[in-house]
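>>> Here is a sequence together with a model predicted from it:
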Amino acid sequence: MVGESEGGRVMPFVRRSREGNPPTGRVVRGARLAAVPVAYAGRRLAGIGKRVAGRDPGEVDRDIRVRTAEHLFQVLGELKGCVAKLGQFLGLLEMGLAPDLAEPFRQALARLHDSVPAMLPGAVHAELSTHLGPDWRALFTEFDDRACAAASVGQVHRARWHDGTQVAVKIMYPGARAAVLADLQALRRATPLFTALLPGADTRPVVEALCTEIRDELDYAREADNQRAFATAFADDPEIVVGRVIAQRGDVLITEWLDGIPLSQLIIGGNAEELDRLGVLILRFLFSAPARAALVYGDPHPGNFQRMPDGRLGVVDFGACTPWPPAFLDVVGDVGAAVIADSPADLEAAMRRHGFVAPDRDLDIATVAQRLQPVREALLATTYPLSAGWLREQVRLITDLRLTNILRQLTMPPSHTPILRSFLGGVAILCQLHTTVPLRAECTRWYPETAKAAGL
């Protein structure tokens, strides 16, 4: 079964239910995911025969990677829910893979980010009738049955509100809530795996914090409140624009349409200078959000940023926003001062003081200080260049499975989970854009007292 995206690419579909809804049963969803490693093992076994038959080993290996990438992200796209969110996050970090390994995943991820609509028009109309009422058409002068964007738990349609305003109508997939809740239970059951990988961390509360964050994204009333807060905070900004909330009822959210070009399209063959400028604006948006809106923007990926016709940065999708913990600035100032001073002893004291190391656990502070040198360099320099190569090296260090990996000695307070999610996503985008970041200037602009405490 095949379909075609707006860009004209022919794309494989996984067969769905009659209405296009994601499967919600725990057994069914688990079987979909379990099929991926089984199929991979089968491809590897078949590959042995192909090599014996004389096929080029490199060609066989690439074919296995391509087909596995297609299968993995096809399944993620079908299941939606929080496993698709995992796929989105993997999409940001795939640059950390070696180029020959990353390309198949990059191609498959492009289809996941810009996936085709999951709901047929009949299902769309039924959801609108349920949440907006049987006379929902009277609210619009125009409504496009074709989805213009698809996400992990919902899809977006372009329409015109009854007062003439161009709007984006975000509709949650029927069954998405049940699917996500089932996925969260699976994630909780996987906690021992994370503990085995990071024995120094108390992973259970961190996983629970992540589950709470993802569950909150199912609440469109909460998302509407988040977007109102951001729209107010950035109302007069000359560089960044956030659309107004027009209406929200149940699992339908209607917001002002932003008529920009998604960053995901600009990245492919975009002008390097323009991409760098947009990267600086993304940094500014993420850094300033807590100071201006008292919220952390938790879902930075290329599909959520646009270049507006006037050059401003447009931002969409505010489901993954959480309240900013003001006490975190004390952590930044304390740890940052030790990093800037290049004092391992002060750094260890600060990390223990703020709960990054279990009280009874040893810490190789010299290695920690070495890992944080890029942060120190970025804070001390006027600008600091980020790139795919830089990210690749950081991912290599982080994902090193050897017992000597310093991450195995560290833990993280659960309250920092949303901040880490925003930070990792933001860094991945800036590396993808090859942004020369003015980190020091943004720190001192938005958090002058904290910057002063850190010695900037």
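Sure thing, it's come through.
>>> going on from the strand or helix carrying residue 274, what's the next piece of helix or strand?
In this structure, residue 274 is located in helix 272-293 according to DSSP states H and E. Using DSSP H and E, the helix or strand that follows helix 272-293 towards the C-terminus is strand 295-297.
>>> That following strand packs against which elements?
Taking 3 or more C-beta pairs under 8 Å, 6 or more residues apart in numbering; DSSP states H and E as the contact definition, the neighbouring helices and strands of strand 295-297 are helix 220-233, helix 272-293, strand 321-323, helix 417-432. (Glycine included, C-beta is placed from N, CA and C.)
>>> Turn those into CSV, columns for mean pLDDT, mean neighbour count and distance to residue 167.
Formatted as CSV, the entries for the helices and strands packed on strand 295-297 read as follows, by pLDDT from 0 to 100; neighbours: other C-beta atoms under 10 Å; distance: least, C-beta to C-beta, whole Å:
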stretch, mean pLDDT, mean neighbour count, distance to residue 167
helix 220-233, 96, 19, 13
helix 272-293, 95, 19, 22
strand 321-323, 92, 20, 20
helix 417-432, 87, 21, 26
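>>> returning to what we had before: which residues touch the helix holding residue 274?
Residues outside helix 272-293 that contact it (C-beta atoms under 8 Å, 6 or more residues apart in numbering) are 229-230, 232-234, 239-240, 263, 266-267, 295-297, 300, 305, 307, 312-313, 315, 324, 386, 422, 426, 429-430, 433-439, 442-443, 445-447.
>>> List the residue ranges of the stretch 1-150 of the chain that fall below the pLDDT cut-off.
Within the stretch 1-150 of the chain, the stretches falling below the threshold (pLDDT under 70) are 1-55, 57-118.
>>> if you set the cut-off to 80 instead, what comes out?
Of all residues in the stretch 1-150 of the chain, those with pLDDT under 80 make up the ranges 1-118, 150.
>>> Residue 386 versus residue 375, what's the distance?
In this structure, residue 375 lies at 12 Å from residue 386, with C-beta to C-beta, to the nearest Å as the measure.
>>> out of the two, which sits in the more crowded spot?
More crowded of residue 375 and residue 386, by other C-beta atoms under 10 Å: residue 386, with 26 against 15.
>>> From what I see, the more buried one and residue 427 are in contact.
Yes: with contact defined as C-beta atoms under 8 Å, residue 386 and residue 427 form a contacting pair (7.2 Å).
>>> Show me which strand runs longest in this structure.
Using DSSP state E, we find that the single longest strand of the chain is strand 140-150.
>>> buried stuff in that strand?
If you call a residue buried by 16 or more other C-beta atoms under 10 Å, then strand 140-150 has these buried ones: 140, 143, 147, 149, 150.
>>> Provide the strand pairings for that strand, with the direction of each partner.
Within its sheet, and counting by DSSP bridges, strand 140-150 is paired with strand 154-161 (antiparallel).
>>> so who does residue 256 touch?
If you count contacts by C-beta under 8 Å, 6+ apart, residue 256 has them with 165, 166, 167, 168, 243, 244, 245, 246.
>>> so which of those residues comes closest to residue 369?
The shortest distance between residue 369 and any of the contacts of residue 256, using C-beta to C-beta, involves residue 243 and amounts to 43.4 Å.
>>> how far away is the closest residue to the closest one other than its chain neighbours from residue 350?
Computed as C-beta to C-beta, 6 or more residues apart in numbering, the closest residue to residue 243 that is not its neighbour in sequence is residue 256, at 3.5 Å. Note on residue 256: its distance to residue 350, by C-beta to C-beta, is 43 Å.
>>> cool, and residue 407?
The separation that residue 407 has from residue 350, given C-beta to C-beta, amounts to 18 Å.
>>> Which of those two has more residues huddled nearby?
Neighbour tally, residue 407 and residue 350, criterion other C-beta under 10 Å: the higher count belongs to residue 350, 19 against 16.
>>> Does that one touch residue 341 like I think?
No: using C-beta under 8 Å, residue 350 and residue 341 do not qualify as a contacting pair, with a distance of 10.5 Å.
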